[in-house]
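Chemist: Here is the input, now give the coordinates:
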Amino acid sequence: MKESIGGAWLFGVIVAFMMIFVGYLVIMINYTTAFKLKNEVVHVIERYEGLSSGDNGSVKIINQYLKNSKYNAVGTCECETANSCYGATDLDNANLTQINNSNKNDRYYYCVQFYNTSNADNPNTGFYETQLFLNFNLPVLGRIAKITIRGQTIKMKYPIDYV
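Modeler: Predicted coordinates for the structure are as follows:
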């Protein structure tokens with residue numbers, strides 16, 4: 001009888017460690033996927049030298065890429081200045097919503113903010129910061145974590161954003 005109780009306890013320990021290992025693996029795969037999406041968003045903004053709406057604009061390309069990648073995480077944007085912060089409330093729409101204090105707590109698929117770094121030596125320069133979200137949902141426990149993934153473009157001479 002002693003050996004059967006010891007065997008059951010050992011089996012439980014092995015199952016627990018396997019669950020922890022598999023959970024860690026799943027989290028790392030999702031985290032890597034989210035970073036890949038963030039890098040592509042940053043790349044599109046750099047390639048189009050800013051944000052532009054319309055059928056051939058950078059916003060439409062980003063939205064289409066995220067839809068095709070089955071991205072569906074939403075979160076609240078953390079913007080420092082409200083006049084240069086935009087968020088996507090719908091991936092089917094080729095326009096972004098400007099975020100201000102009244103809609104700061106709305107849910108967005110991703111956010112983009114422009115930081116002006118102009119000075120006398122480098123006029124009209126700046127960079128964009130993107131925010132994408134990663135939610136960890138478990139069937140029994142529900143949402144266990146929400147992570148904001150940030151990325152920055154290179155400094156560029158910024159055009160007028162058409163969003």
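
Chemist: who does the longest helix seen in the chain touch, helix- and strand-wise?
Modeler: For the chain, the helix with the greatest residue count under DSSP state H is helix 2-47. Applying 3 or more Cβ pairs under 8 Å, 6 or more residues apart in numbering; DSSP states H and E, we find helix 2-47 packed against helix 58-68, strand 110-116, strand 125-138, strand 142-152. Glycine gets a C-beta too; all of them are placed from N, C-alpha and C.

Chemist: Which of the ones you listed sits closest to residue 16?
Modeler: Of all these, it is strand 125-138 that lies closest to residue 16, at 15.9 Å by Cβ to Cβ.

Chemist: picking up where we left off before, ranking the helices and strands packed on helix 2-47 by burial, who's on top?
Modeler: Mean neighbour count (mean count of other Cβ atoms under 10 Å) peaks for strand 110-116 among the helices and strands packed on helix 2-47, with a mean of 21.

Chemist: Now that strand: average pLDDT?
Modeler: Strand 110-116 shows a mean pLDDT of 90.

Chemist: between that strand and helix 2-47, how many degrees?
Modeler: Between strand 110-116 and helix 2-47, the angle comes out at 50 degrees (axes from the mean of the first three to the mean of the last three Cα atoms, to 10 degrees).

Chemist: Many thanks, we can stop here.
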